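>>> Give me coordinates for this.
(one chain, ligands or ions: 3)
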Amino acid sequence: MTKVTLSIIKADVGSYPGHVEAPPELIEACEKRLRGALENGLINDFYITRCGDDLELIMTHYNGVDSKEIHKLAWDSFNDAAKIAKKAKLYGAGQDLLKNAFSGNVRGMGPGVAEMEFEERPAESVVVFAADKTDPAAFSLPIYRMFSDPFSSAGLVIDKKMHQGFTFEVHDIKDHKKILLNTPEETYDLLALIGNTARYLIKRVYRRSDNEIAAVISTEKLSRIAGKYVGKDDPVAVVRGQSGFPAIGEILEPFAFPHIVAGWMRGSHRGPLLPVSEMDARPTRFDGPPRMMALGFNISDGVLIGPKDLFDDISFDNARRKALDIADYLRRHGPFEPHRLSEEEMEYTTLPEVLKKLEKRFKKE
Ligand code: F6R
Ligand code: MG
Ligand code: MG
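Ligands and ions are numbered 1, 2, ... in the order given. Below is the predicted model:
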């Protein structure tokens, strides 16, 4: 059977006011391109959304992951949108298109990518996540919970297909290395790594019973690919659900706890991750708090059925309330850690200049 590929490719190519929201005209520009690709058969189906100032192209096709044609399609779509953004003098127009010419795939050029290829099951349920004002490490705790924490995913204990556990592909983004770790046996080793959210990231998860792909997260760090720190990499992820994967409710359950992530104002703060509907994915307060949306689809012969806006539900109201209380509390720390990030993780800093200016006034104590 032919395998279908689900590709989520995202970029921030402009927004207004400031970094709040990518306007509909940018979505329309991408839609025009993707409709053409649908007509000529390059892609099978698509849905475009935006999470805050980021545009997300959700596409199904039969070209496999890292397809030059699909990546070029995304690149061209973002360029069309960036042109409109520049003309309208939107904020940060074209900011994630770091290179002038396309060179094979979008990795290293600014956009983020989460792609997986699989044989469609009789009913193929997936959840597409998109976040704004945070980085890919925001997924580490929830993905760990979905695939390794029996207090969150009951299936790990009581579903025969999940009971053998999962394999986590973890990337060391400083040394550009990766490792596969099996849970439950290597849970403590896995946590020893991913507890360091500034260095280790979960890239993929596989089901151990048959090595099926279960989840993929975009981990393209803008900081590294641009050669200098240009911004946090607002991430996307895809998780397959049901029939031996976590149920939709198990995929969403970790977000009932608004954990603290890096990002928020000027990419230099910590704040709670607010689970929101597509409608509410427009960060305002202190440019945040960091937001996460979740769209559910079924894939049927390569066609996307949906989306279902999964956080648009009263059962996440308590998480949102808690997140907003945490936001109030953290904000009162102002420029102090732990609200402010450590010097190495900050996107903005004046410390080198301040130190230089004060250099001569420092005396031995
Ligand atoms: C964070 C973010 C915003 C901006 C902030 C300042 O990811 O995008 O919080 O960092 O609005 O933006 P500039 O420096 O463009 O005025
Ligand atoms: Mg932005
Ligand atoms: Mg963004």
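
>>> does the residue lying closest to L274 once chain neighbours are set aside count as helix, strand or coil?
Nearest residue to L274 in three dimensions, chain neighbours excluded: A323, at 4.5 Å (C-beta to C-beta, 6 or more residues apart in numbering). C-betas here are computed from N, CA, C, even on glycine. Three-state assignment for A323 (DSSP: H, G, I helix; E, B strand; the rest coil): helix.

>>> Please give me every residue in contact with A323.
Listed by C-beta atoms under 8 Å, 6 or more residues apart in numbering, the contact partners of A323 are P258, P272, L273, L274, P275, P289.

>>> isn't the last one right next to G271, touching?
When you say that, I think you mean P289. Yes. Contact between P289 and G271 holds when scored by C-beta atoms under 8 Å: they sit 4.4 Å apart.

>>> List the contacts of whichever residue of the stretch 151-300 of the chain sits closest to ligand 1.
Of all residues in the stretch 151-300 of the chain, D287 sits closest to ligand 1, with a separation of 3.4 Å (C-beta to the nearest ligand atom). Shown in contact with D287 (C-beta under 8 Å, 6+ apart): G18, H19, V20, K133, W264, M265, R266.

>>> Quick check: the gap between it and K10.
From D287 over to K10 the distance is 18 Å, taken as C-beta to C-beta, to the nearest Å.

>>> What is the burial count for I314?
Residues contacting I314 under the criterion other C-beta atoms under 10 Å number 7.

>>> and it, what pLDDT?
At I314, the pLDDT value in this model is 98.

>>> likewise T2?
Per-residue pLDDT puts T2 at 89.

>>> can you confirm D76 is in a helix?
Yes. D76 sits within a helix when classified using three-state DSSP.

>>> JSON lines please, covering the contacts of A323 and showing secondary structure and neighbour count.
Shown next, in JSON lines, are the contacts of A323 (DSSP: H, G, I helix; E, B strand; the rest coil; neighbours: other C-beta atoms under 10 Å):
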{"residue": "P258", "secondary structure": "coil", "neighbour count": "25"}
{"residue": "P272", "secondary structure": "strand", "neighbour count": "24"}
{"residue": "L273", "secondary structure": "coil", "neighbour count": "28"}
{"residue": "L274", "secondary structure": "strand", "neighbour count": "30"}
{"residue": "P275", "secondary structure": "strand", "neighbour count": "28"}
{"residue": "P289", "secondary structure": "coil", "neighbour count": "30"}
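
>>> Of those, which pair is most distant in space?
The largest separation in those, counting by C-beta to C-beta, is between P275 and P289 at 10.8 Å.

>>> who wins for neighbours among the contacts of D287?
K133 (30 neighbours).

>>> Who are the contact partners of that one?
With C-beta under 8 Å, 6+ apart, K133 has these contacts: 19, 52, 232, 234, 263-264, 267, 283, 287-291.

>>> M146: how many residues sit nearby?
So M146, with other C-beta under 10 Å, has 29 neighbours.

>>> Kindly provide the distance from D76 to A114.
19 Å.

>>> Correction: the previous question concerned K203.
Taken as C-beta to C-beta, the span from K203 to A114 is 9 Å.

>>> who's more crowded, those two?
Taking other C-beta under 10 Å, K203 and A114 do not tie; A114 has more neighbours (30 against 18).

>>> which residues sit in contact with that one?
By C-beta under 8 Å, 6+ apart, A114 lies in contact with S7, I8, V216, I217, S218, P235, V236, A237, V238.

>>> so which strand or helix has the last one?
Secondary structure assigned from DSSP states H and E places V238 in strand 236-241.

>>> next one: the very next helix or strand once past that strand to chain centre, how far?
Going down the chain from strand 236-241, the next helix or strand is helix 248-252, by DSSP H and E. Chain-centre distance of helix 248-252: 17 Å, with C-alpha atoms, centre = their mean, to the nearest Å.

>>> and stretch 91-110, does that touch ligand 3?
No. For stretch 91-110, no contact with ligand 3 is found by C-beta under 5 Å from the ion; the gap never falls below 8.8 Å.

>>> So which bits of that stretch are buried?
Residues of stretch 91-110 classed as buried: G92, A93, G94, Q95, D96, L97, L98, F102, N105, V106, M109, G110 (neighbour count, 16 or more other C-beta atoms under 10 Å).

>>> which of the residues you listed lies closest to S315?
Closest to S315 out of the buried residues of stretch 91-110 is D96 (33.5 Å), distances taken as C-beta to C-beta.

>>> pLDDT wise, what is that closest one at?
Per-residue pLDDT puts D96 at 91.

>>> CA atoms only for the host helix or strand of F46, dumped as CSV, please.
F46 belongs to strand 45-51 when assigned by DSSP H and E. The C-alpha coordinates for strand 45-51 follow below in CSV (Å, rounded to 0.1, in the frame of the first residue of the first chain):
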residue,chain,number,x,y,z
ASP,A,45,-5.2,18.0,0.4
PHE,A,46,-4.3,21.0,2.6
TYR,A,47,-5.5,23.2,5.4
ILE,A,48,-3.8,26.5,6.3
THR,A,49,-4.0,28.1,9.7
ARG,A,50,-2.1,30.6,11.8
CYS,A,51,-1.0,30.5,15.4
